[in-house]
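K.L.:
Would you be able to build a 3D model of this:
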Amino acid sequence: MAGLAVRRERANGPEGFTHIRFEPSAKEPGGIFAHVNDHYWVASENSQVGLDLAMRVIESEFDQSIEESLKAVEALLEVSWSHNR
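P.N.:
As a prediction, this is how the structure comes out:
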């Protein structure tokens with residue numbers, strides 16, 4: 001496995017995208033390293049307002065972001081395992 005990266009624009013909710021990267025593990029022989037960046041765009045001229053907006057997005061989206069990240073990693077592992085049987 002050389003590596004795989006996928007970027008998905010967010011269709012609803014706060015503006016942004018999810019970037020998922022899979023590559024061979026540098027620590028675990030035969031293992032897979034997964035990295036998920038759930039990126040949100042929060043724009044404001046005022047840094048305090050921008051910070052408040054960012055905190056609201058984190059508070060409202062964090063649990064769903066973690067759940068979707070785990071689902072993405074599990075889906076890749078399922079495809080990998082079914083392909084290698």
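K.L.:
which residues are in contact with stretch 42-60?
P.N.:
For stretch 42-60, the surrounding residues in contact (Cβ atoms under 8 Å, 6 or more residues apart in numbering) are 14, 40. (C-beta placed from N, C-alpha, C; glycine too.)
K.L.:
Buried residues in that stretch, which are they?
P.N.:
Within stretch 42-60, the residues that count as buried by 16 or more other Cβ atoms under 10 Å are 42, 53, 57.
K.L.:
tell me how far it is from the chain's mean position?
P.N.:
For stretch 42-60, the gap between its own C-alpha mean and the chain's C-alpha mean amounts to 20 Å (Cα atoms, centre = their mean, to the nearest Å).
K.L.:
Can I get it as PDB, trimmed to CA atoms?
P.N.:
Extracted in PDB, the C-alpha atoms of stretch 42-60 (Å, rounded to 0.1, in the frame of the first residue of the first chain):
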ATOM      1  CA  VAL A  42     -14.900  30.300  10.300                       C
ATOM      2  CA  ALA A  43     -14.400  33.800   9.100                       C
ATOM      3  CA  SER A  44     -14.600  37.100  11.000                       C
ATOM      4  CA  GLU A  45     -12.900  40.400  11.000                       C
ATOM      5  CA  ASN A  46     -12.900  40.400  14.800                       C
ATOM      6  CA  SER A  47     -10.700  37.800  16.400                       C
ATOM      7  CA  GLN A  48     -12.900  37.400  19.500                       C
ATOM      8  CA  VAL A  49     -16.000  36.900  17.300                       C
ATOM      9  CA  GLY A  50     -14.100  34.400  15.200                       C
ATOM     10  CA  LEU A  51     -13.000  32.500  18.300                       C
ATOM     11  CA  ASP A  52     -16.600  32.500  19.700                       C
ATOM     12  CA  LEU A  53     -17.800  31.100  16.300                       C
ATOM     13  CA  ALA A  54     -15.100  28.500  16.200                       C
ATOM     14  CA  MET A  55     -15.900  27.300  19.800                       C
ATOM     15  CA  ARG A  56     -19.600  27.000  18.900                       C
ATOM     16  CA  VAL A  57     -18.800  24.900  15.800                       C
ATOM     17  CA  ILE A  58     -16.600  22.600  17.900                       C
ATOM     18  CA  GLU A  59     -19.200  22.300  20.600                       C
ATOM     19  CA  SER A  60     -22.000  21.500  18.100                       C
END
